[in-house]
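Q: Make a model of this:
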Amino acid sequence: MVWLEKMNGRIDARFNPSERKRKLTIPVTTIVMILILTVLAKFEIINNYFQTIIVTICINAIMSASLNIVNGYMGEFSCGHGGFMATGAYISSVVSLILFKDGNSITGHALLPEGLAVIGFPICILIGGLGAMLVSLIVAIPSFKTRDDYLAIITVAANFIVTTAINNIPLVGGSRGLMGMKSVMNNMADVFDIPWILVWALVFAVFAIVSIHFLMNSTLGKGISAVKYDEISAEIMSVNTNNMKLIAFTFSSFLAGIAGGLFAHLLGFINPSSFGIMKSTESLVMVYLGGMGSLSGSVLSAIVFTILLELLRPAQILKWVIIPLILILIMEFHPEGIMGSRELTHVFPGLKKLLPKNKNEERVTEKASEGGAA
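A: Numbering: from 1, shown residues only. Have a look, this model is predicted:
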């Protein structure tokens, strides 16, 4: 009888209109917001300057949220995120130039019709992310036995290795940099005239946030969090900590590679010096500003940090005195950052009504009810 009641409850939940509405609320709202921003940008109600700021916020949100997987949820200390961003930027740029730009500096001609860039662009970005993931394996595997300061040293070294290697590859421009990615974006606009970089930045930012949310609320995510609290206890409880580290580190690098690809096509020109230790420092600042282990905090800090950089642009080099000073003050007087380890649903409980029910919580409730019935 208990089994039958559970089955009836699940069937009712599946066909319950209110539950279906709850599941569709956020996806529909997100799609509508992307369409509204696209239309406003198309008719220049949002000018190019503000479009660039929105795209930069999306890129920074991906970088901050992805680094938070390792530094926040897993409790490690990675300092070389800029190197994986560089890998994704260069690989996605090289692929898009070879496929869709005539007169490129690598093959001299496009391998595919330029109009196909509309379909091929997101594939190029994903290829850049996969390239960053493969490079991260070289760092992740030997770092399994290290933690804290030692991992930080390894990742900083990896950042320098990646940028130095790119600096000495003439095929991708070496220290002079690589350009031409704007032409690929223009080819897409010739087919259908919309702000493509804005659209794909919003889409990939949503993809990154949603995928991290589902990862960290899954069984794998609980294993990643277990490494943070006590690695030895996690191993005793049958958690394969090496696999957890590998998943967290490679997925984090994959998202950083996606951010790098978007960054390259936004600017149309990239140089190895753009991805040095300062770029990794920006990611660290956003993670600690938003809050360790808070996905909402990562997004909020990306917005605050990007706007702050724009406001301090007239200060030129002094902004890198002001921003670290602000970070020092935050760590001194509010060390948990904007959100701490909380999410927006903790601050505003009413938002939970818009989210689909967590399956893990449902299982816990079912087990508790079964125990009470027994």
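
Q: lowest average confidence, helix or strand, in this structure?
A: helix 359-373 (a mean of 47; mean pLDDT, DSSP states H and E).

Q: in a strand, that's where N68 is, yeah?
A: No. Remark: N68 does not belong to a strand; assigned using DSSP: H, G, I helix; E, B strand; the rest coil, it is helix.

Q: mind checking pLDDT for it?
A: N68 is assigned 95 on the pLDDT scale.

Q: Can you give me the neighbour number for it?
A: Using other CB atoms under 10 Å, N68 has 27 neighbouring residues. Every C-beta, even on glycine, is put in place using the N, C-alpha and C of the backbone.

Q: roughly how far apart are it and L215?
A: 12 Å (CB to CB, to the nearest Å).

Q: likewise A201?
A: Applying CB to CB, the value for A201 to L215 is 21 Å.

Q: Pick out whichever of these two has more residues nearby.
A: Using other CB under 10 Å as the criterion, A201 and L215 rank with A201 on top: 26 against 16.

Q: Where do the strands of this protein begin and end?
A: For the chain, the strands defined by DSSP state E occupy 178-179, 269-270.

Q: pLDDT of the last one, averaged?
A: Strand 269-270 carries an average pLDDT of 94.

Q: Could you list every helix and strand that that strand packs against?
A: helix 81-100, strand 178-179 (3 or more CB pairs under 8 Å, 6 or more residues apart in numbering; DSSP states H and E).

Q: Could you export those as CSV, including mean pLDDT?
A: Below are the helices and strands packed on strand 269-270 laid out as CSV (pLDDT from 0 to 100):
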stretch, mean pLDDT
helix 81-100, 95
strand 178-179, 92
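
Q: Deepest-packed of those, please.
A: helix 81-100 (a mean of 28; mean count of other CB atoms under 10 Å).

Q: which strands and helices sit next to it?
A: helix 48-68, helix 117-140, helix 149-167, strand 178-179, helix 181-191, helix 241-267, strand 269-270, helix 277-290.

Q: right, and the ones you listed - which one's nearest I26?
A: helix 48-68 (16.4 Å; CB to CB).

Q: Mind listing what's buried along the closest one?
A: Neighbour-count burial for helix 48-68 flags 51, 53-68 (criterion: 16 or more other CB atoms under 10 Å).

Q: same thing with stretch 122-139?
A: Applying 16+ other CB under 10 Å to stretch 122-139 flags 122, 124-133, 135-136, 139 as buried.

Q: Is it possible to get those out as a markdown table so that each row also shows pLDDT?
A: Shown next, in a markdown table, are the buried residues of stretch 122-139 (pLDDT from 0 to 100):
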| residue | pLDDT |
| --- | --- |
| P122 | 96 |
| C124 | 96 |
| I125 | 97 |
| L126 | 97 |
| I127 | 97 |
| G128 | 97 |
| G129 | 97 |
| L130 | 97 |
| G131 | 96 |
| A132 | 96 |
| M133 | 95 |
| V135 | 93 |
| S136 | 92 |
| V139 | 84 |
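
Q: Can you work out which residues contact both of N68 and L215?
A: Common neighbours of N68 and L215 (criterion: CB atoms under 8 Å, 6 or more residues apart in numbering): none identified.

Q: Phi, psi for the nearest residue to R176 once chain neighbours are set aside please.
A: Spatial nearest neighbour of R176, chain neighbours left out: N271 (7.6 Å); criterion: CB to CB, 6 or more residues apart in numbering. Backbone torsions for N271, taken as degrees, to the nearest 10, come to phi -140, psi 140.

Q: just checking, N271 touches S175?
A: Yes. Counting by CB atoms under 8 Å, N271 does reach S175; the two are 7.4 Å apart.

Q: If anything else comes up later, I'll come back, but that's it for now.
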